[in-house]
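Undergrad: here you go, sequence then predicted model.
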Amino acid sequence: MTQDIRDITIIGAGPTGLFAAFYAGMRGVTARIVDALPDLGGQLTALYPEKFIFDVAGLPKILAKDLVRDLVTQMRQFHPDERLGQRILSLEEDGGVLTLVTETDRFPSRAVIIAAGIGAFSPRRLPNPSAQEWYARGIHDRVTDPEDFRGQKVLIVGGGACAFDWTLQLMPYADTVTLIHRSDRFRAHGSTVAAVNEAAKEGRARVLTFHEIAGVHSNGTRVTGATLKDVKAKTEHDVDVDAILPMLGFVSDLGTITEWGLTIEKDEIVVTSTMEAGRPGVWAAGDITTYPGKLKLIATGFGEAATAVNQAVHWIYPEKKVNPGHSSNMAIFGQKDD
């Protein structure tokens, strides 16, 4: 079914997409936000709603789910069309109208902003054949509520930000938390690594470098332990665990976006300084983009979203300024017009 035309359709309902939808409303244009996931918030909702975020300006500390809640409240001031559970099959163009085609609908608009994060994603699984049948029965690739691990022996696998963040956040809940990584080089923020190492020195956590899971044990219904392999010493030993959390990153897929005539490098869209994506009427923002000096942060995604929206608004309506000025001076918020 063909839906009504909007000025801007935003692909992706993560933080960047939500802010782009808000900013479009602030600029006085109509917006639609489309996502394949069933809920707003992208990875923040799907993978770590209970994880704290520390690097959003003005918010010393906020749970991911609460950041999503506030972004949604901010966006809904302007009533964008929200379309969730919609997997995009193609992008068509006719007479200056860009139409996103899904399995059930057609969404026409005058401009498109791609804010799809890393694209369709799924957590990278443990490679061990013995582990596969125990997902959701002791092996969890996401944490929805830290209380689920109250009093448990938790084994976290990985060397990135999620692995270290969850080590810190689960310590107050779990009986024990052990972090293992196959090397002594970590991808997490230095201060977080230091905090975990300090906790290990104090006996509040355990960190094993050059270790990986060699096998998973069970009682027939759920996980009861694991065999850990020291990859340097070539030795193995067993540990009792109630929960295993593989924090190994994600497998991503841009899907049909790669067929839209955009410049793609390493599953990222190459954009200009104005977030143009290489096709008239199409901009991109957030983690899906790349350019010299790119930083993949929620904070930079917000700025990129504003740039993309302002450029799209001026492209659709040349009489509107690219730079609208400050929100404190806008008529839409009861101030003077832009």
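TA: Great, that's in hand.
Undergrad: count of residues packed around Arg185?
TA: Number of residues near Arg185 (other Cβ atoms under 10 Å) recorded here: 8. Yep, even glycine has a C-beta here, placed from its N, CA and C like the rest.
Undergrad: with adjacent residues omitted, what lies nearest to it?
TA: Gly159 (7.0 Å; Cβ to Cβ, 6 or more residues apart in numbering).
Undergrad: the one you found contacts Val193, correct?
TA: No - the criterion here is Cβ atoms under 8 Å, and Gly159 misses it with Val193 at 9.1 Å.
Undergrad: who touches both of these two?
TA: Listed as contacting both Gly159 and Val193 by Cβ atoms under 8 Å, 6 or more residues apart in numbering are Phe186.
Undergrad: of these two, which one has the most company?
TA: Gly159 (22 against 17).
Undergrad: domain ranges for the protein?
TA: What the record gives for the chain is the domain set 6-121+250-333, 125-246, from automatic domain parsing.
Undergrad: what distance do you get for Ile114 to Arg106?
TA: 18 Å (Cβ to Cβ, to the nearest Å).
Undergrad: more crowded one of these two?
TA: Ile114 (31 against 13).
Undergrad: how about the more buried one, phi and psi?
TA: Torsion angles at Ile114 (phi, psi; degrees, to the nearest 10) stand at phi -90, psi 110.
Undergrad: quick one: pLDDT of it?
TA: Confidence at Ile114, expressed as pLDDT, is 97.
Undergrad: was I right about it contacting Ile288?
TA: Yes - assessed by Cβ under 8 Å, Ile114 is found in contact with Ile288 at 6.0 Å.
Undergrad: who touches both of the two?
TA: Listed contacts common to Ile114 and Ile288 are 12, 269; contacts here mean Cβ under 8 Å, 6+ apart.
Undergrad: so how far is Gln311 from Asn323?
TA: For Asn323, the distance to Gln311 - Cβ to Cβ - is 10 Å.
Undergrad: next, count neighbours for the nearest residue to Thr307 once chain neighbours are set aside.
TA: Spatial nearest neighbour of Thr307, chain neighbours left out: Met275 (5.0 Å); criterion: Cβ to Cβ, 6+ apart. Burial of Met275 is recorded as 27 neighbouring residues (other Cβ under 10 Å).
Undergrad: and Gly85, what does it touch?
TA: So Gly85 contacts 35-38 (Cβ under 8 Å, 6+ apart).
Undergrad: so which of those residues is the closest to Leu98?
TA: Checking the contacts of Gly85 against Leu98 with Cβ to Cβ, the nearest one is Asp35 at 17.3 Å.
Undergrad: and the closest one, what are its bridge partners?
TA: Leu84 (DSSP bridges).
Undergrad: next one: Ile113
TA: Listed beta-bridge partners, Ile113: Ile10, Trp283 (assigned using DSSP bridges).
Undergrad: Pro246 versus the residue nearest to Thr307, what's the distance?
TA: Using Cβ to Cβ, Met275 is found at 34 Å from Pro246.
Undergrad: go on, Asp184?
TA: Distance from Asp184 to Pro246, by Cβ to Cβ: 19 Å.
Undergrad: cool, Ile180 as well?
TA: For Ile180, the distance to Pro246 - Cβ to Cβ - is 10 Å.
Undergrad: any shared contact partners between these two?
TA: Here Ile180 and Pro246 share the contacting residues Val157, scored by Cβ under 8 Å, 6+ apart.
Undergrad: got a list of what the nearest residue to Ile316 once chain neighbours are set aside touches?
TA: Distances taken as Cβ to Cβ, 6+ apart put Arg110 closest to Ile316, at 4.8 Å, once the chain neighbours are dropped. Going by Cβ under 8 Å, 6+ apart, Arg110 touches 5-8, 96-98, 281, 316.
Undergrad: ok, which stretches of the stretch 51-200 of the chain are helices?
TA: With DSSP state H, counting those that start in this stretch, the ranges of helices along the stretch 51-200 of the chain come out as 64-75, 161-170, 190-201.
Undergrad: buried ones in the first one?
TA: So that's helix 64-75. Going by neighbour count (16 or more other Cβ atoms under 10 Å), the buried part of helix 64-75 is 64-69, 71-72, 74-75.
Undergrad: now the second one
TA: Judged by neighbour count (16+ other Cβ under 10 Å), helix 161-170 contains these buried residues: 161-170.
Undergrad: put together CSV for the residues you listed, with pLDDT and distance to Leu295 on each row.
TA: Shown next, in CSV, are these (pLDDT from 0 to 100; distance: Cβ to Cβ, whole Å):
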residue, pLDDT, distance to Leu295
Ala161, 86, 14
Cys162, 88, 18
Ala163, 93, 21
Phe164, 94, 19
Asp165, 90, 18
Trp166, 92, 23
Thr167, 96, 24
Leu168, 94, 23
Gln169, 92, 24
Leu170, 96, 28
